[in-house]
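> got a sequence here, can you build the structure:
(one chain, ligands or ions: 2)
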Amino acid sequence: MNYPRRAWYVASWSQDLEPGKPAAVSILDESIVLWRAEDRIVAFADRCVHRLAPLSLGRCEGSRLRCGYHGILYDMEGRVVQIPGQPEVPPGARVQRYAVVEKHSWIWVWMGDLSLADETLIPPAVGFDDPDWILGRGYLDYAAEARLIHDNLLDFSHLSYVHADSFGAGPSFAEERPRLTALPRGVRFERWITGTRGPPARKSDDLVDGWSTYDFLLPGVLLMWSGSFPAGTAKSCDFEKPDHDRAIGGVTFTSQAVTPTGARAARYFFSWGPHRDHGDAALRDVLMGIAAKAFNEDKTIIEAQQRILDLTPDPRIMPTVHDRGVTLFSNLAARLVREESAAGEPFLHRGVLS
Ligand code: FES
Ligand SMILES: [Fe+2]
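Ligands and ions are numbered 1, 2, ... in the order given. Next up, the predicted model:
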């Protein structure tokens, strides 16, 4: 796989990692165990240094993790601190440790050199700790390469065809292009849809102008704000970004993250919900029902696309005008991968580090 390593990948929803229960996850085809030590989250290679049993089948003992096979005990740094029945611990015996941060209700793992882990690069998602938003959450496992999901999220022209019913997306997504801006670690999309009644769940009685903007950021995180404004707002602000306080409804936020788990496997995490001034838990549940339908529509077409790609020797594509965001983002990711490899980004060692 060709994904940057010097980036924070979403490993799990915070709520899904229970205290005392190690959990197995996979990122970039590497098996990782996450566990809650007394005051922080720890991530190790999910592979005991003794006979490589997965540590995710072990147990937490306060700030330590014990292998469930022959009982080797690890501290939070990954050092072996006890081998049952053997007084001596070989010097340097330790399991690979990853940098891990819990933020915005996600558990983020840095897949690059541990010493370069930079928390400021964590995308500014909205978590359940933000009182402004009433969110629901979920995830979907894909039998497809993460890159294909990136491509999907970087080109909303598919909304007019894949999500005409679920999201109630009209033809304008395919017929008009959003404004794109290259960001240092991603691409920004901005779009006005004028004179609309809005999608079914947020239908307005009067015509409104709908504004939406999202950033798609490395390594594959989408953060989108949408809202409805009085008809004429788009024109009055010259089709630029509106003042968010003037929104009259339909204000929602969604955070989404695509994590490559294997060569042709990915986990797609998502949350969505209304601003507390523009909705409640009931609306959130309606939105999550729509999202479940819509995201399964994406999954159906992307997994089918993956199957055709797998059957196609030397697959070629024919880009359209709508692929500009895809191209910008994939060039950015490719540049990062090249820079990392020129800088000698060490690919993770499996098993024992000494
Ligand atoms: S495999 Fe972990 S202690 Fe033996
Ligand atoms: Fe979609």
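> checking the residue nearest to residue 320 when sequence neighbours are not counted next. Helix, strand or coil?
When the adjacent residues along the chain are set aside, residue 320 lies closest to residue 157, with 7.9 Å between them (C-beta to C-beta, 6 or more residues apart in numbering). Any C-beta I mention is one placed from the backbone N, CA and C, and that applies to glycine too. Three-state call for residue 157 (DSSP: H, G, I helix; E, B strand; the rest coil): helix.
> was I right about residue 157 contacting residue 174?
Yes. In terms of C-beta atoms under 8 Å, residue 157 counts as a neighbour of residue 174; the distance is 4.4 Å.
> more neighbours: those two, which one.
Relative neighbour count places residue 157 above the other of residue 157 and residue 174, with 20 against 16, counting by other C-beta atoms under 10 Å.
> is it true that residue 301 touches residue 163?
No. In terms of C-beta under 8 Å, residue 301 does not count as a neighbour of residue 163; the distance is 10.4 Å.
> related to what we said a few turns ago, so who does the residue nearest to residue 320 touch?
Shown in contact with residue 157 (C-beta atoms under 8 Å, 6 or more residues apart in numbering): 173-174, 320, 322.
> between those residues, which is closest to residue 251?
Distances from residue 251 to the contacts of residue 157, taken as C-beta to C-beta, are shortest for residue 173 (19.5 Å).
> before we move on, back to that, how much space separates the residue nearest to residue 320 from residue 296?
19 Å (C-beta to C-beta, to the nearest Å).
> which residues touch the closest residue to residue 2 other than its chain neighbours?
Counting by C-beta to C-beta, 6+ apart, residue 337 is the residue found nearest to residue 2 once chain neighbours are left out, at 5.7 Å. Contact partners of residue 337, counting by C-beta under 8 Å, 6+ apart, are 2-4.
> off-centre distance for stretch 318-336?
18 Å (C-alpha atoms, centre = their mean, to the nearest Å).
> before we move on, the earlier item: which one of the contacts of residue 157 has the most neighbours?
residue 173 (23 neighbours).
> residue contacts, that residue?
Counting by C-beta under 8 Å, 6+ apart, residue 173 makes contact with 156-160.
> report pLDDT for it.
Turning to residue 173, the model gives it a pLDDT of 90.
> now do the SS call for it.
When states are read from three-state DSSP, the local structure at residue 173 comes out as helix.
> which residues does stretch 185-198 contact?
Looking at stretch 185-198 with C-beta under 8 Å, 6+ apart, the contacting residues turn out to be 121, 154, 156, 168, 170, 172, 176, 178-182, 203-218, 228, 231, 234-235, 239, 241, 249-250, 325, 328-329, 332.
> mind giving me the ChimeraX select for the residues you listed, buried ones only?
Only the buried members of those enter the following ChimeraX selection, criterion being 16 or more other C-beta atoms under 10 Å:
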select :121,154,156,168,172,178,204,208,209,210,211,212,213,214,215,216,217,218,228,234,239,249,250,325,328,329,332
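> which ones among the contacts of stretch 185-198 map onto helices?
In helices, defined here by DSSP state H, the members of those are 172, 234-235, 325, 328-329, 332.
> lowest-confidence member of those, which is it?
By predicted confidence (pLDDT), the lowest-ranked of the ones in helices among the contacts of stretch 185-198 is residue 172, with 87.
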